[in-house]
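Visitor: I'd like to go over a predicted model; first the sequence, then the structure.
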Amino acid sequence: MLNNLIHKKYIIYGSSIIVARGLEYFILLFAAGYLAKDSYGDLEFYKKLIEVFSIVFSFGFPALILSYTKSRDSKKYFYVLACTCTLVIGIITFVTATFFGYEYIILGMIFYALFFNGGITPAYILVNAGSTYAAYYKIGISTFFYIILFLLLYYFEVRGMLYPYGGTIVFSFLIFYIGYFLFKKNIEFKKLKQYWRVFKRLLISSFTLVISNFANLMFLYTDIFIIKLISEDPKIEIAEYSFLLNIAYLLLFIPLTLIQVDIDKIKHQKGYVKILNKKIGILVFIASVSIYLVYYFIIGVFYPEYGDFHVLMGVLLFANIFQALSPLFGFLTVVQKKFKQNLIVNVVALVLNIIISYLLYFKLGLIGLAISSMLTLIFRYVWLINLVKDYKANELYGS
């Protein structure tokens with residue numbers, strides 16, 4: 001049965017995710033033990049700030065590249081136009097941010113939007129060269145970035161601003177890649193203008209995706225921002241909550257790997273969504289049990305200061321089961337071009353989560369935040385299933 005669940009392509013692409021996320025977790029776990037809790041809380045806050053607001057700079061372009069491009073030319077010119085728009089938005093924001101001393105945070109956001117996992121370049125490589133080359137890119141960019149972060153943390157004693165500074169350094173190297181790409185691919189201005197007309201018409205849909213993705217990620221990090229705003233000891237509580245949240249998020253490796261590897265099958269093979277959903281469900285169940293056992297082990301051996309949160313960890317893990325079951329149906333809303341409906345789902349879930357989190361935090365503390373996430377994740381999961389229940393393969397191309 002496991003042979004059917006785990007295909008060679010999943011292993012290759014999944015390995016890249018394991019390497020990328022493994023390096024990220026190494027940095028976060030090392031920082032959790034190396035830094036005081038208040039410094040670690042700052043680090044987590046700025047990391048999540050970059051992850052949330054980098055969506056504004058990527059402007060929904062990765063999803064457009066994944067769902068709209070078919071020919072090699074369309075992939076190439078959409079990528080060039082997406083990078084150009086992101087850089088224009090980035091330059092304007094960067095100039096403004098220099099007056100307030102936030103330029104390093106902005107450059108970190110642009111790096112995430114253009115080059116880092118989930119950004120524009122990984123999406124282009126995935127559709128243009130396939131999951132194997134996308135896996136190599138993911139491993140390379142992650143290794144480079146996290147080595148820089150480790151050096152800054154350990155040798156240069158950078159604390160809360162670790163991710164902004166690290167993103168700025170890597171961005172300063174990779175920006176030359178855009179110039180190399182333009183030179184190597186022989187971009188024709190006439191074709192660029194033709195694709196710009198198509199690209200421009202999609203900007204409204206893209207803007208909808210920006211708001212939807214922003215709301216989606218804000219939903220995931222609502223807890224952290226509420227702690228930052230109303231906690232009496234925000235740095236400590238962010239450190240404690242983020243430590244557990246990072247472990248629970250391990251479940252998301254499963255759907256992200258399977259969906260990105262099987263994009264073409266999801267679009268074209270009739271009945272495959274049901275098969276893939278079953279695979280994800282089985283693997284998520286197995287992983288959730290394993291993750292809780294891993295948590296129990298590491299807090300007993302390595303992180304005793306994070307050891308009094310067994311119930312909170314259980315609630316977060318249960319909530320993230322539904323988070324891990326949702327990406328397939330969220331992707332189907334993009335394939336079906338149900339951008340407005342997807343936006344409504346994410347915005348409503350975000351607003352509900354903010355309200356419930358705010359109320360429960362005062363009564364139950366961090367556990368209240370986890371319960372709020374659990375309830376709203378279940379609500380969003382059920383809504384997404386109903387939104388795409390009429391999905392048919394090949395609907396994207398009208399055949």
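Guide: Looks like it came in fine.

Visitor: quick one: contacts of the helix or strand harbouring residue 245?
Guide: Per DSSP states H and E: residue 245 is located in helix 234-248. Outside helix 234-248, the residues that touch it by Cβ atoms under 8 Å, 6 or more residues apart in numbering are 25, 28, 32, 37-42, 44-45, 48, 223-224, 227-228, 231, 291, 294-295, 303, 306, 309, 312-313, 316-317, 319-320, 366, 369. C-beta: built from backbone N, CA, C; applies to glycine.

Visitor: Could you check how far residue 377 is from residue 248?
Guide: From residue 377 over to residue 248 the distance is 11 Å, taken as Cβ to Cβ, to the nearest Å.

Visitor: Identify the contacts common to the two.
Guide: With Cβ under 8 Å, 6+ apart, residue 377 and residue 248 have common neighbours 319-320.

Visitor: returning to what we had before: narrow the contacts of helix 234-248 to just the buried residues.
Guide: By neighbour count, with 16 or more other Cβ atoms under 10 Å, the contacts of helix 234-248 hold 25, 28, 32, 37-42, 44-45, 48, 223-224, 227-228, 231, 291, 295, 306, 309, 312-313, 316-317, 319-320, 366, 369 as buried.

Visitor: Send me the helix holding residue 245 as CSV with only the CA atoms.
Guide: Provided in CSV are the C-alpha atoms of helix 234-248 (Å, rounded to 0.1, in the frame of the first residue of the first chain):
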residue,chain,number,x,y,z
PRO,A,234,4.6,39.2,24.1
LYS,A,235,8.2,38.1,23.4
ILE,A,236,8.1,35.2,25.7
GLU,A,237,4.6,34.0,24.7
ILE,A,238,5.5,34.3,21.0
ALA,A,239,8.6,32.2,21.6
GLU,A,240,6.6,29.5,23.4
TYR,A,241,3.7,29.5,20.9
SER,A,242,5.9,29.6,17.8
PHE,A,243,8.0,26.7,19.0
LEU,A,244,5.0,24.5,19.2
LEU,A,245,3.5,25.9,16.0
ASN,A,246,6.6,25.2,14.0
ILE,A,247,6.5,21.5,15.1
ALA,A,248,2.8,21.2,14.2
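
Visitor: Run the chain-centre distance for the helix or strand following that helix.
Guide: As assigned by DSSP H and E, the chain's next helix or strand after helix 234-248 is helix 253-261. What separates the centre of helix 253-261 from the centre of its chain is 12 Å, taken as Cα atoms, centre = their mean, to the nearest Å.

Visitor: Also stretch 244-260?
Guide: The answer for stretch 244-260 is 10 Å, by Cα atoms, centre = their mean.

Visitor: Give me the local confidence score for the residue nearest to residue 57 when sequence neighbours are not counted.
Guide: Leaving aside its sequence neighbours, residue 57 sits nearest to residue 113 (Cβ to Cβ, 6 or more residues apart in numbering; 3.7 Å). pLDDT for residue 113: 96.

Visitor: Surely residue 283 and residue 254 touch.
Guide: Yes - Residue 283 lies in contact with residue 254 (Cβ atoms under 8 Å); the separation is 4.8 Å.

Visitor: higher neighbour count, those two?
Guide: residue 254 (24 against 21; other Cβ atoms under 10 Å).

Visitor: Just the element for the residue nearest to residue 57, please.
Guide: helix 103-114.

Visitor: what packs against that helix?
Guide: Contact here means 3 or more Cβ pairs under 8 Å, 6 or more residues apart in numbering; DSSP states H and E; on that basis helix 103-114 packs against helix 37-58, helix 72-98, helix 120-129, helix 162-184.

Visitor: Of these, give the one that comes closest to residue 105.
Guide: Distance to residue 105, taken as Cβ to Cβ, is lowest for helix 162-184 among the helices and strands packed on helix 103-114, at 4.6 Å.
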